[in-house]
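Asker: Make a model of this:
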Amino acid sequence: MHPSISKIFARKALVRAIAGASVVGSFGLTAPVYAQETTAAVRGVVTSGGQPVAGATVTARSLATGLSRSATTDAAGNYFIRQLPAGVDYSVRVTSPQGSASTERLNLAVGQQAQMDYALSAIEEVVVMGSAVEVADTAIGPTAVFSISDLQDSPAINRNINDVIGQDPRIYIDQSSPEDSIQCNGANPRFNSLTVDGIRLNDGFGLNSNGYPTQRMPFPFDAVSSVAVEMAPMSVIYGGFSACNINAVTKSGSNELFGSVFMDYTDDNLQGDKLEGDDILVTDYDETRYGFELGGALIKDKLFFYGAYEKYEGVDFNDRGAIGSGAVNEVLVTQAELDEIAQIARDVYQFDPGTSTPGTIDFEDEKYIGKLDWYVTDRQRLALTYMYNDSTNATPSDGENIEFEFSDHFYDRGAELNSYIASLYSDWTDNFSTEVRIARTEVDFVQVPRAGDAFGEIRVELDDVDVYLGGDDSRHANELEYTIDQFVARGRYQLGSHTITGGYEREAYDIFNLFYQHVDTEIRFDGIDNFRAGLADRVYYGNAISNNEADIAEAFEYAINYVYLQDEWQVNDRLTVTYGLRYDYYETDDEPNLNPAFLASYGFGNNDTLDGRDLLQPRFGATYDFSDELSFRGGIGLFSGGNPNVWLSNTYSNTNTTAVQARIDGMDLFAQNYVNCEDGVPVCGPGYGVPQDIADVVAAGDGSNFEIVYLDPNFDIPSEWKYTAGLTWYAPMDVTVTADLQVSRGEDTAVYKRGDLERVGTNDLGYPIYESVREPSFVLTNSSKGTESESIAFSAFKSWDNGFDLRLGYAYTEAEDPNPMTSSVAFSNYINRAFVDPQADVLAPSNWAIEHRFTAVLNYGVDFFGGYETRISLFGQYNSGIPYSITLSGSEGTADAYGFQPFLDFEQNVLPIGGSRNSQEGDSFSKIDMRISQEIPGFAPGHRGSAFIIIDNLTNLLNDDWGVMNQPSFPYGVTAEQEANGQAQQRIGETSLWSMRVGLNYRF
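Answerer: You can find the predicted model right below:
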């Protein structure tokens, strides 16, 4: 975080100002505000001779739109001007018989509440020039705020706000996958919340690790005016998260027409091809991005428009290959073995599995936004926003170091989003204002096998590696659509030094989900020879009993209601206190299908829901200015939200009332009759069809079934207490230093357990012995151990008159959880962790915890060419490695340690006795990114062009041993043997290899 330059300027102005005739308060941003809004505010106290001035008129006027808002000071000299559109410049003027004062060009960022105190004198008026706000205290608590200049000047090679907000050391962006998930203080990224123009735009179902409802940022990068990330905002209007809240506000039109166009480009010649002395095979590719924005006035001072469009035509990388292939990650399989498997697939099974060498797969990402702002009256503004995004990625399915998949085993993963927002801001009196907002978000999620939907999954198990081809088994029947309707009604009343805030919000979810595995069969072979001969080790098949996969789909609706009330009390010019209550209430009329066998076995139904569950969340925060140079902030609050809907959806989709799973071991595939073949397939045989014998099992409603998933009837809404304390010190030599401490303690943390197991003893090795004594099931329940985390962060910022500015940051984080809950499916959440006892609640280091993180941002701007700026920006980061576990192999854990327990499914998840989860730490990672831009003349006065170069991982460009990311394979459990032979970690090629983009931007 960096300082308010305007505060520094105002502090210097005080020294120079004539006594009694100056702005005595700085532009200090000490009062709490609300970043889940789209607006900003100005407040303060007007005095004269040390006494409050009543009846003074304070006016804030937008320099862009002409909007003018005024307030009159009360008997204590207080004024408050609310609901000012954020991200634009304002002039503030105070007039009174006792004197006048003004501030010019004050830029208000998203959620900012500028504290502007004025001391008047009849002698003269002092004008203080404001400037862009470099940092803002939003709601009380640890916060990072990024202005439009931060967004434009940062080396954001992906044109994603994630590229920028990671400059704060508390916010780690996981660059090991294209999603770039946001991890705040070691918390699961699914527990974050994203708000855009005051409306939650989260991943409403919970399948994405990046927190977006789409594969990439769902709105154009140029449309963003500012972003705030708040880890623990002590305001009751914040909800729907227990990790952090990321809030973006988009631009609006102004009286002057403005806009920009851009294009950037990269290809294989602008990417590294060497890592740690290894020559890397980089196939031919190119990527292009382009877009524009335009804003202006349809009616001057009344009706404004803004629109932005962005298109990305890019590639996804398959960076895995056989031994000696030159791939970023070489898997322990020979090219001859892969060629033989491919030849058998084509000649024997009439199926082309795709390529087995590194390559690229094309994708597209298209997004746009349109906005209208209508200033109905001087006291009412109506804002309308529409957003659209359509994006896909080619996604690997089985990509661990002990797995290899042919290119057509990847699947296309993406979503189409439509979002509509309408907001009405009203100032009814100088003291009372309201806002009403309604929104709808529609998401059509896509997961389609690149092999098509006619051929199932085949796994050929070799000595060291399992080889996959065909359509991934989890995408055989996979459709998701959901709609989120949101309503917000909020009011604020200024009562002297108190600001009373109250509101009601509602989020209503309407979800359609079809997910079932093995609908096109999964066939496993023990070795290449058996694959050639058609001798299957196992055949899996699952489908609706009716043989119509559409009958598996489930639809359900539920809603969350929020009610809150808060008082923000400006006790005096140094102390501000905020306290309030938030109440969340869940309701639904839809229940999962009741399974009679479950009811008979458990004595209660599997059809419990969240209906009627609630949570009361108290919040308290305070700020205190010890002096003009040193201020304190702190708070205590309970937070809830972010638990993915997909976990709840499991209870609707896995009732075993409509569909059945079956498995047959030891099958001669070429001796079977086949059914359910689609029209036009080359042959109705293995992969393309279903063996009659196993199809009959499903049609009869028999078979093994998936485990039933149910919600614990005693389930409580998970929550987390957050305790924060922080200091800001405006140190000598114009250095701003901040320190923030955050301690979190979870309660009722959501976990999956087996519902049917009872412990009956302990074996000779020390492992527990379990028996399944009821209908097999998983239960979504509460852990007896809540999550725990502690973090402390420091930052320092300084700017120099010669064009340099520097921001340094460090964060230390410890975080533990009882289950990382990494997945969408109950079974995967249960097994994707390391344990001695799978049913025990044991706190261990979180998968998401980065213990040490250093960040540095260096900017330099200079006019080498007659008023046309040359700007260089560098962003460097150092991150500790992610944790992983040393486990037994699948057979050692499942068969040997547990005496064969099928509920562990031969995964590498069993710890040796005395071992602990995530006891190891992977390699650290560091890199530096750079952006160089040069302004060039435009075609008309006021126009400017810019040519730029962005280098991602400049460190790797300088030395191929630097900037290399090695990371343990998910789910971060490896055996001692795998660690010894180099399989504990794999190189992340797309992150490790340097890449460069060149581009042009034209602004007018």
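Asker: which residues does residue 181 bridge with?
Answerer: Beta-bridge partners of residue 181, counted by DSSP bridges, are residue 174.
Asker: Tell me the pLDDT of it.
Answerer: pLDDT for residue 181: 87.
Asker: Likewise for residue 473?
Answerer: At residue 473, the pLDDT value in this model is 94.
Asker: Hmm, residue 523 and it touching each other?
Answerer: No: applying Cβ atoms under 8 Å, one finds residue 473 not in contact with residue 523, separated by 9.9 Å. In this view, the C-beta of every residue, glycine as well, is placed from N, C-alpha and C.
Asker: can you list the weak-confidence ranges in the stretch 901-1004 of the chain?
Answerer: In the predicted model of the stretch 901-1004 of the chain, no residue satisfies pLDDT under 70.
Asker: could you pull out the helices for it?
Answerer: According to DSSP state H, counting those that start in this stretch, the stretch 901-1004 of the chain carries its helices in the segments 954-958, 976-980, 989-992.
Asker: List the buried residues in the second one.
Answerer: I take that to be helix 976-980. Applying a neighbour-count criterion of 16 or more other Cβ atoms under 10 Å, one finds residue 978 buried in helix 976-980.
Asker: re earlier: what do residue 473 and residue 523 both touch?
Answerer: Between them, residue 473 and residue 523 share the neighbouring residues 456-457, 540, with contact defined by Cβ atoms under 8 Å, 6 or more residues apart in numbering.
Asker: Among those, which lie within strands?
Answerer: Members of those lying in strands (criterion: DSSP state E): 457, 540.
Asker: need the shared contacts of residue 473 and residue 523 in CSV with neighbour count, distance to residue 217 and pLDDT, can you?
Answerer: Conversion of those to CSV gives the following (neighbours: other Cβ atoms under 10 Å; distance: Cβ to Cβ, whole Å; pLDDT from 0 to 100):
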residue, neighbour count, distance to residue 217, pLDDT
456, 27, 35, 97
457, 28, 32, 97
540, 21, 37, 96
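Asker: Tabulate the shared contacts of residue 473 and residue 523 (TSV), appending distance to residue 486.
Answerer: Output for the shared contacts of residue 473 and residue 523, formatted as TSV (distance: Cβ to Cβ, whole Å):
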residue	distance to residue 486
456	40
457	39
540	41
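Asker: where does the chain have low pLDDT?
Answerer: Within the chain, the segments meeting pLDDT under 70 span 1-38, 87, 109-112, 122-138.
Asker: In it, mark out all the helices, start to finish.
Answerer: With DSSP state H as the definition, the chain shows helices at residue ranges 5-16, 148-153, 161-165, 335-347, 528-533, 596-602, 645-653, 692-699, 826-831, 890-891, 954-958, 976-980, 989-992.
Asker: Quick one, which of the ones you listed gets closest to residue 756.
Answerer: If you check each of the helices of the chain against residue 756 by Cβ to Cβ, helix 596-602 wins as the nearest, at 8.0 Å.
Asker: Pull the contacting residues for residue 39.
Answerer: Residue 39 makes contacts with 82-86, 425, 435, as judged by Cβ under 8 Å, 6+ apart.
Asker: what bridges to it?
Answerer: Going by DSSP bridges, residue 39 forms beta bridges with residue 85.
Asker: What is the nearest of the contacts of residue 39 to residue 43?
Answerer: The nearest one, if we look at the contacts of residue 39 relative to residue 43 and count by Cβ to Cβ, is residue 82, at 8.3 Å.
Asker: Surely residue 192 is in contact with residue 184?
Answerer: Yes: applying Cβ under 8 Å, one finds residue 192 in contact with residue 184, separated by 6.5 Å.
Asker: between these two, what contacts are shared?
Answerer: Once Cβ under 8 Å, 6+ apart is applied, the residues that residue 192 and residue 184 both contact turn out to be 243-244.
Asker: Mind checking which of these two has more residues around it?
Answerer: In terms of neighbours (other Cβ atoms under 10 Å), residue 184 is the more surrounded of residue 192 and residue 184; the figures are 31 against 26.
Asker: what sits against that one?
Answerer: With contacts defined as Cβ under 8 Å, 6+ apart, residue 184 is in contact with 170-172, 192, 229, 231, 243-244.
Asker: Give me the buried subset of those residues.
Answerer: In the contacts of residue 184, burial by neighbour count holds for 170-172, 192, 229, 231, 243-244, counting by 16+ other Cβ under 10 Å.
Asker: can I get those in JSON lines with distance to residue 749?
Answerer: As requested, the buried ones among the contacts of residue 184 are arranged in JSON lines below (distance: Cβ to Cβ, whole Å):
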{"residue": "170", "distance to residue 749": "21"}
{"residue": "171", "distance to residue 749": "22"}
{"residue": "172", "distance to residue 749": "21"}
{"residue": "192", "distance to residue 749": "16"}
{"residue": "229", "distance to residue 749": "23"}
{"residue": "231", "distance to residue 749": "18"}
{"residue": "243", "distance to residue 749": "13"}
{"residue": "244", "distance to residue 749": "17"}
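Asker: Let's see which of those end up in strands.
Answerer: Taking DSSP E as the definition of strands, the buried ones among the contacts of residue 184 contribute 171-172, 229.
Asker: Of these, just say which sits nearest to residue 270.
Answerer: Among those, residue 172 lies closest to residue 270 (Cβ to Cβ), at 26.9 Å.
Asker: For the closest one, give me its contacts.
Answerer: Under the criterion of Cβ under 8 Å, 6+ apart, the contact list for residue 172 reads 166, 182-184, 848, 850, 853, 879.
Asker: try it again with 7 Å
Answerer: Residues in contact with residue 172 (Cβ atoms under 7 Å, 6 or more residues apart in numbering) are 166, 183, 850, 853, 879.
Asker: export the helices of the stretch 901-1004 of the chain to JSON lines and tack on distance to residue 323?
Answerer: Putting the helices of the stretch 901-1004 of the chain into JSON lines (distance: least, Cβ to Cβ, whole Å) gives the following:
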{"stretch": "helix 954-958", "distance to residue 323": "24"}
{"stretch": "helix 976-980", "distance to residue 323": "16"}
{"stretch": "helix 989-992", "distance to residue 323": "16"}
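Asker: Quick one: closest of those to residue 344.
Answerer: Proximity to residue 344 (Cβ to Cβ) singles out helix 976-980 among the helices of the stretch 901-1004 of the chain, at 27.8 Å.
Asker: now that closest one: how far from the chain's centre is it?
Answerer: Offset of helix 976-980 from its chain centre (Cα atoms, centre = their mean, to the nearest Å): 33 Å.
Asker: CA atoms only: put it into PDB for me.
Answerer: Provided in PDB are the C-alpha atoms of helix 976-980 (Å, rounded to 0.1, in the frame of the first residue of the first chain):
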ATOM      1  CA  ALA A 976       9.300 -40.800  -0.700                       C
ATOM      2  CA  GLU A 977      10.200 -42.700  -3.900                       C
ATOM      3  CA  GLN A 978       8.600 -40.100  -6.100                       C
ATOM      4  CA  GLU A 979      10.400 -37.300  -4.200                       C
ATOM      5  CA  ALA A 980      13.700 -39.200  -4.700                       C
END
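Asker: any idea which of the shared contacts of residue 473 and residue 523 is the one closest to residue 822?
Answerer: Within those, proximity to residue 822 (Cβ to Cβ) peaks at residue 457, which comes in at 21.5 Å.
Asker: hang on, isn't that closest one packed against residue 471?
Answerer: Yes: under the criterion of Cβ atoms under 7 Å, residue 457 is in contact with residue 471, at a separation of 6.0 Å.
Asker: which residues are in contact with both of these two?
Answerer: Common neighbours of residue 457 and residue 471, counting by Cβ under 7 Å, 6+ apart, are absent.
Asker: ok, back up a step: residue 214: which of the helices of the stretch 901-1004 of the chain is closest?
Answerer: Residue 214 sits nearest to helix 989-992 of all the helices of the stretch 901-1004 of the chain, at 19.3 Å, using Cβ to Cβ.
Asker: Can you tell me what sits against that closest one?
Answerer: Contacts to helix 989-992, defined as Cβ under 7 Å, 6+ apart, come from residues 175-176, 275, 317, 319, 328, 956, 963-965.
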